[in-house]
Structure formats: structure tokens, C-alpha cells
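> got a structure for you, letters missing:
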């Protein structure tokens, strides 16, 4: 007799959310079993890969290793985004609005939004727009982005408890998706989803960001939280948590000392670029196994490795 694995009975399903518009729009979510448990249920929509760009040159915040693949376009967000799509075939683009940081360049929100609009207009793939988690600045930036990109179904994030009313309202008004962000806590994630629902934002227009650390920096905690979210959605039928998940992980990996420190400084850590790629790849794989639907990645080699992992896991 062949081996027959014990199977879990699922009574719930993760809702599908459409990101972007047109032929290159993507749908995330929809699974009826735990991640990659294809012997128990379906994953109708493959987890998606988003390439990270900034609305400004990252300068010294990035090491030579993560600057290298895009060093010819780092000062041009549109060219940077196109390189991600044309050369590396990512499913989405994430614009990190770093220039709006009041502790940094402090660029006015309307100017930041103009840059985002240029990126959105230049692409046919969906775009995620991510602020700096400063409520006042993010409200200004994302309200302008919502208006300028009316009807494009961009993801507006991070939308947090301190600004969900303002960002949720413009997402409703201009037909966008909310990136609901909470600090690694199942109950807080559920609470924010309820608040958005009470505001009138329907679940098909929300994607959850549980926040994450990189490998060795709290990743195991995030893993357990995402796992619990999936358990609640699929087994306990908690419709407030039956939403797809996005992980803004690249910046968490590449800012760590293990990824940034050079080989000359600490020779026994080995090649800096390979080290950073492996840290990003292991973090990405862990988050996919936990149940993530969208990964935000920084290095093209990581994209290649993660895509191979997905192909291997999803092949029958």
C-alpha cells in the first residue's frame, strides 16, 4: 500500500485580491490549504515577486552589493522600474517613498506623488506605493498618489491604525487597494481589518502587511504570526483574516550588519554580495512557507533563486 498522508480538513479560503489593471494585473490569494500543501487543496495564484525601487538614489544607505545591479539607473525611478520589469521579469514594482522622510530629504508629498505617477504611467505591471510609516507624511503622499493614479488599483501602504481613516477614504474614492500594516500581531491585524471594513473598504481591496524582520532579526516571530493568520483563515474560518499577505522584507535584510559589512572588514564572513543574496533568499523562502502572497525583493539574483524555488514547489 502506498503512503497516504494525514490530511487536514479546511473549511475556509483566502480571498482573492486584484492588484493593478489591464492585461498585466495580478491576482493574489485564493488558496484553500496551507502554503504548498497541494495534496490537500489549491493555490490558484502563485505567490508574486515585487521588485523594489526608491523614489531617490539610496546613496550610502545601500552597500555596493545591492547597488551593483542597478547602478546605472538608481537616480531615475522610471528607468529603474523598467529595468526590473524588462530584464528581470518581476510581477510588480514597489516604490519606496524614502524622499518624503521628514528626517531625510523631506520632499513635499505632491512632488513625491508626481514621481510615483511617472512610474505608474510608464509601466503595465501593478505598483505598490510604500511610505515611511510617518503618519502625517504618508497621508500627504498617499492622498496625492491616490488622486494622480485614479483607478489604477495601486496598493497604498503602510496603512496603519493612526492613518487608516484618511488613507482608507482615498483608496475608496479613487479605487485603490489598501496595504493594512500592523506590528507582528494577529489581533492587531484583525482589528485593523475590522476598522477598514467599518470605514467601507471591502475585503477584496485589502492586503495585509504583518511587518517582518530579516533572517536572524525576528524572522521566526513573523513566521509564526503569518502561520497563525493562515490557520485562522483556513481552519477557523475567520473572515477578518482571510486576506492575502505582503512582506516588505528587502530593506529589513539589506540593512543588517551581516549584509552590509564588507569582506575586507570581516574576511571570515565571505563574499558580501553572495552573503546578502543568500540572506534575502532564505528570508524569502521562509516567508513563502509561512504563507506570504507577495514578496518585496531587492536583488535580481534573489528573484532568480526564489522563482526557481516556486517552480519546484508548485510542479506536480
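Arrived safely. Just so we're clear, the structure is a prediction, and the values are computed from it rather than from any experiment.
> use CA for all of it now, contacts and neighbours both
Fine.
> and the helices in the protein, which stretches?
64-67, 77-88, 109-122, 135-148, 164-174, 186-199, 219-234, 250-254, 257-260, 272-290, 300-314 (DSSP state H).
> can you put those helices in JSON lines and add mean neighbour count, mean pLDDT and distance to residue 22?
As requested, the helices of the chain are exported to JSON lines (neighbours: other Cα atoms under 10 Å; pLDDT from 0 to 100; distance: least, Cα to Cα, whole Å):
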{"stretch": "helix 64-67", "mean neighbour count": "18", "mean pLDDT": "92", "distance to residue 22": "31"}
{"stretch": "helix 77-88", "mean neighbour count": "18", "mean pLDDT": "98", "distance to residue 22": "16"}
{"stretch": "helix 109-122", "mean neighbour count": "19", "mean pLDDT": "97", "distance to residue 22": "12"}
{"stretch": "helix 135-148", "mean neighbour count": "22", "mean pLDDT": "97", "distance to residue 22": "18"}
{"stretch": "helix 164-174", "mean neighbour count": "21", "mean pLDDT": "98", "distance to residue 22": "16"}
{"stretch": "helix 186-199", "mean neighbour count": "18", "mean pLDDT": "98", "distance to residue 22": "26"}
{"stretch": "helix 219-234", "mean neighbour count": "21", "mean pLDDT": "96", "distance to residue 22": "29"}
{"stretch": "helix 250-254", "mean neighbour count": "22", "mean pLDDT": "96", "distance to residue 22": "27"}
{"stretch": "helix 257-260", "mean neighbour count": "18", "mean pLDDT": "91", "distance to residue 22": "37"}
{"stretch": "helix 272-290", "mean neighbour count": "21", "mean pLDDT": "96", "distance to residue 22": "26"}
{"stretch": "helix 300-314", "mean neighbour count": "16", "mean pLDDT": "97", "distance to residue 22": "23"}
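> let me have the ones you listed in CSV, extended by distance to residue 100.
CSV is the format used below for the helices of the chain (distance: least, Cα to Cα, whole Å):
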stretch, distance to residue 100
helix 64-67, 21
helix 77-88, 15
helix 109-122, 7
helix 135-148, 7
helix 164-174, 16
helix 186-199, 24
helix 219-234, 27
helix 250-254, 17
helix 257-260, 24
helix 272-290, 26
helix 300-314, 26
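> so which of those helices gets nearest residue 45?
helix 300-314 (10.6 Å; Cα to Cα).
> chain center to that closest one: distance?
16 Å (Cα atoms, centre = their mean, to the nearest Å).
> what sits up against it?
36, 38, 46, 49, 69, 88, 90, 277-278, 280-281, 284-285, 297 (Cα atoms under 8 Å, 6 or more residues apart in numbering).
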